[in-house]
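Q: Using only what follows, build the 3D model:
(one chain, ligands or ions: 2)
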Amino acid sequence: MKPSTVAELLSQNKTQVEIEIKGWVRTFRANRFIALNDGSTINNIQCVIDFENTDESLLKRITTGAAVHIKGTLVESKGKGQSVEIQVSSIDILGDSNPEEYPIQPKKHSFEFLREHAHLRTRTNTLSAVMRLRSSLSFAIHKYFNDNGFYYMHTPIITGSDAEGAGEMFRVSNLDAKNPPLNDEGEVDYTQDFFGKETNLTVSGQLEAETFAMSLGKVYTFGPTFRAENSNTSRHLSEFWMIEPEVAFMDLTGNMDLAEDFLKSVLSYILENNKEDLAFLEQRLIQEDKTKPQAKRNEMTLTKKLRFVIDNNFKRVSYTEAIDILRNCKPNKKKKFKYIINEWGTDLQSEHERFLVEKYFKCPVILFNYPAKIKAFYMRQNDPDEKGRKTVRAMDILFPGIGEIVGGAQREERLEVLKEKMAALNISEEELWWYLDLRKYGTAIHSGFGLGFERLVMFATGMSNIRDVIPFPRTPQNADF
Ligand code: 4AD
Ligand code: MG
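A: Ligands and ions are numbered 1, 2, ... in the order given. This next block holds a predicted model:
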């Protein structure tokens, strides 16, 4: 008899069979009913103990959190809430869990509390549902690209370049921090460091991904990225995972088409394949909403929201149009925004992005053609507009409740224009010689984008804090576990 999973047993319609299962006790009620979970599904299987013929000392060890090995018969359930249950013939305690100490008691815990017990929090319904969805979304992402002829590339984690030019990098060094070698100018001498130069954890795999796009055509990366920005928000992590496709001969419109199709496809995948976890999370949100004032409640249920994104075209709006909308909108005129929009050229804050998505267009929005000044050096410059304003072929995708979920662009493929831009921003040609080579030898238009994986998981699960959709969040002042 091979041990089954709870998921297998619950979906089985053959009863009166001998089965064997291992899992953790979620609850034990009336000295009789174990709700057993093994992570294979959000649902528990009920295991019924013949307590009159079971040792008292054994019954005492059946506590929340204990690991058990159960043998018995799968039978039709007489109780409500489940179709089958296990009539237990033997139970072995594999690992005790002291009920006085075990932190994950069968009651409602705050997400803050669970974060402090991140090593145990996936034993709760909500966090386990989130992690199963995270896994499923990862798979859907790889599947989408594989089905569409993309190659999966691994780009370096340790790098010498700052792709985004924001200077928000974590240094990688094995120099003695207390007593680093100094050069003649009295600065730290990185030529004596491990790699013979200054290196950092990557903020993006894009620049390297471009090298592969310019040889393999359609590629993507899916890896960890690191940002030392001191943003203590519910949408920022210091370590997060990013998906970055990069495609040769594709322009900005093609990039938008790809991103939209891709997002719709991966969300469809989970609607199809993660029904139980989504139903659970949807109910969780409905319950949570009841505790909130009307104005703060979700307008749509979770699955409706996912369907809405899948079924509707994303609204494509230029930055210039967006600024006009924002300048004239009520919250701007009434000074309800923290940052008032006056001029063309200012960067949008998340309050503006969320206004556009949630209040104005009420659907996902793709903003494109941003002012050159507020975007990274590698973006393709447009000809100046009728007012002489300079924009680049950038695009950001904004989602309800999240704000920016995707950032991308058509890349500057013209060597001279790129060199000028780098010079203006003090970006070293020596450092990025290889990147410039792509423009020297067989240059071509190409585009790509970066999707913040955790922001996607937030959207898909309805979780409101990014720290609750990654197993072990890294944020300013926190790298526990
Ligand atoms: O907009 P970003 O900075 O774009 C890039 O890094 C480009 N090199 C991508 C590309 O074109 N290949 O980041 C992309 C996405 C954002 O839209 C956001 O979803 C996510 O990464 N992101 C973060 N997610 C969590 N925590 C942070 N600190 C994030 N910073 C960006
Ligand atoms: Mg961005």
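Q: and this protein, which residues reach ligand 1?
A: By Cβ under 6 Å from any ligand atom, the residues of the chain that approach ligand 1 are 163-164, 204, 206, 227, 236-237, 240, 242, 244, 404-409, 448-450, 452, 454-455. C-beta here means a position set from N, CA and C on the backbone, and glycine is covered the same way.
Q: From those residues, which land in strands?
A: Judged by DSSP state E, the subset of the residues of the chain next to ligand 1 located in strands is 240, 242, 244, 404-409, 448-450, 452.
Q: and the residues you listed, which two are the farthest apart?
A: Pairwise distances across those peak at 19.4 Å for F240 and A409 (criterion: Cβ to Cβ).
Q: Compare neighbour counts for the two and give me the winner.
A: A409 (24 against 20; other Cβ atoms under 10 Å).
Q: what are the bridge partners for that one, then?
A: Beta-bridge partners recorded for A409 (DSSP bridges): A394, G448.
Q: For it, list the residues it contacts.
A: Neighbour list for A409: 252, 255, 375-376, 378-380, 392-395, 447-449 [criterion: Cβ atoms under 8 Å, 6 or more residues apart in numbering].
Q: Please report the distance of it from K2.
A: 52 Å (Cβ to Cβ, to the nearest Å).
Q: Assumed R132 was part of a helix.
A: Yes. Assignment of R132 by DSSP: H, G, I helix; E, B strand; the rest coil places it within a helix.
Q: For it, which residues are in contact?
A: Contacts of R132 (Cβ under 8 Å, 6+ apart): 42, 274, 277.
Q: Once you drop chain neighbours, what's closest to the last one?
A: Distances taken as Cβ to Cβ, 6 or more residues apart in numbering place A129 nearest to D277, at 4.0 Å, with adjacent residues excluded.
Q: List the buried residues for the host helix or strand of the one you found?
A: Using DSSP states H and E, A129 sits in helix 125-147. Judged by neighbour count using 16 or more other Cβ atoms under 10 Å, the buried positions of helix 125-147 are 125-134, 136-138, 140-142, 144-145.
Q: domain ranges for this protein?
A: According to automatic domain parsing, the chain comprises the domains 6-102, 125-168+203-468.
Q: Of all the residues in stretch 325-334, which ones are buried?
A: So stretch 325-334, judged by 16+ other Cβ under 10 Å, has buried residues 325-326, 329, 332.
Q: again with stretch 442-455
A: Neighbour count says stretch 442-455 has 443, 445-455 buried, by 16+ other Cβ under 10 Å.
Q: Out of these, give me the two with the largest separation.
A: Maximum pairwise distance among the buried residues of stretch 442-455 (Cβ to Cβ): 34.0 Å, between T443 and E454.
Q: Just give me the neighbour total for P476.
A: Using other Cβ under 10 Å, P476 has 12 other residues around it.
Q: for the stretch 1-150 of the chain, which spans come out with low pLDDT?
A: Counting by pLDDT under 70, the ranges of the stretch 1-150 of the chain that qualify are 1.
Q: Show me where it has its helices.
A: Shown for the stretch 1-150 of the chain, the helices assigned by DSSP state H, counting those that start in this stretch span residues 6-10, 56-60, 111-116, 125-147.
Q: distance between the last one and the chain's centre?
A: A distance of 10 Å separates the C-alpha centroid of helix 125-147 from that of its chain, computed with Cα atoms, centre = their mean, to the nearest Å.
Q: One more: the first one?
A: When distances are taken as Cα atoms, centre = their mean, helix 6-10 is centred 28 Å away from the chain's centroid.
Q: packing partners for it?
A: Counting contacts by 3 or more Cβ pairs under 8 Å, 6 or more residues apart in numbering; DSSP states H and E, helix 6-10 packs against strand 17-29, strand 45-48, strand 84-95.
Q: What pLDDT does the model give the nearest residue to R171 once chain neighbours are set aside?
A: Using Cβ to Cβ, 6+ apart and skipping residues adjacent in sequence, the residue nearest R171 is N200, 5.7 Å away. Looking at N200, its pLDDT stands at 96.
Q: Just want the phi and psi numbers for N200.
A: Backbone torsions for N200, taken as degrees, to the nearest 10, come to phi -140, psi 170.
Q: Kindly tell me how buried the spatially closest residue to V17 that is not a sequence neighbour is, as a neighbour count.
A: Closest residue in space to V17, ignoring its immediate chain neighbours: L74 at 5.3 Å, by Cβ to Cβ, 6+ apart. L74: 21 surrounding residues under other Cβ under 10 Å.
Q: do K362 as well
A: Neighbour tally, K362, other Cβ under 10 Å: 14.
Q: That one and N255, how far apart?
A: The gap separating K362 from N255 is 24 Å, by Cβ to Cβ.
Q: same check, this time on M422
A: From M422 to N255 the distance is 22 Å (Cβ to Cβ).
Q: Likewise for S428?
A: Separation of S428 from N255 (Cβ to Cβ) stands at 27 Å.
Q: Looking at these two, which one has more neighbours?
A: N255 (27 against 11).
Q: Report the contact partners of the more buried one.
A: For N255, the contact set (Cβ under 8 Å, 6+ apart) comprises 247, 395, 408-410, 447-449.
Q: closest one to H119 among the domains of the chain?
A: H119 lies closest, by Cβ to Cβ, to one member of these: domain 125-168+203-468, at 11.1 Å.
Q: now the end-to-end length of the closest one.
A: Domain 125-168+203-468 has an end-to-end distance of 13 Å (Cα to Cα, to the nearest Å).
Q: what separates that domain from the chain centre, distance-wise?
A: With Cα atoms, centre = their mean as the basis, domain 125-168+203-468 stands 11 Å off its chain's centre.
Q: Likewise for stretch 472-481?
A: Relative to the centre of its chain, stretch 472-481 is centred 16 Å away, using Cα atoms, centre = their mean.
Q: Mind checking the pLDDT average for that stretch?
A: pLDDT averaged over stretch 472-481 gives 96.
Q: Show me what counts as buried in it.
A: So stretch 472-481, judged by 16+ other Cβ under 10 Å, has buried residues 473-475.
Q: residue boundaries of the helices in the stretch 151-300 of the chain?
A: 206-216, 252-273, 275-290.
Q: Single out the most deeply packed of those.
A: Stretch with highest mean neighbour count among the helices of the stretch 151-300 of the chain: helix 206-216 (a mean of 21; mean count of other Cβ atoms under 10 Å).
Q: Which one among the ones in strands among the residues of the chain next to ligand 1 sits at the bottom for pLDDT?
A: Looking at those by pLDDT, the weakest one is E404, with 94.
Q: For it, which non-adjacent residue is spatially closest?
A: Nearest non-adjacent residue to E404, counting by Cβ to Cβ, 6+ apart: D396, 5.1 Å away.
Q: Make sure the one you found is actually in contact with G407.
A: Yes. Contact status for D396 versus G407: in contact at 5.2 Å, counting by Cβ atoms under 8 Å.
Q: Give me the distance between R134 and V17.
A: Here R134 is placed at a distance of 33 Å from V17 (Cβ to Cβ).
Q: same deal with R316?
A: If you go by Cβ to Cβ, the gap between R316 and V17 works out to 56 Å.
Q: more neighbours, these two?
A: Shown here are R316 and V17; by other Cβ under 10 Å, R316 has more neighbours (15 against 12).
Q: ok so the more buried one is a strand residue?
A: Yes. Per three-state DSSP, R316 lies within a strand segment.
Q: what's the nearest residue to it if we skip its chain neighbours?
A: In space, and not counting its chain neighbours, R316 is closest to I366: 4.7 Å by Cβ to Cβ, 6+ apart.
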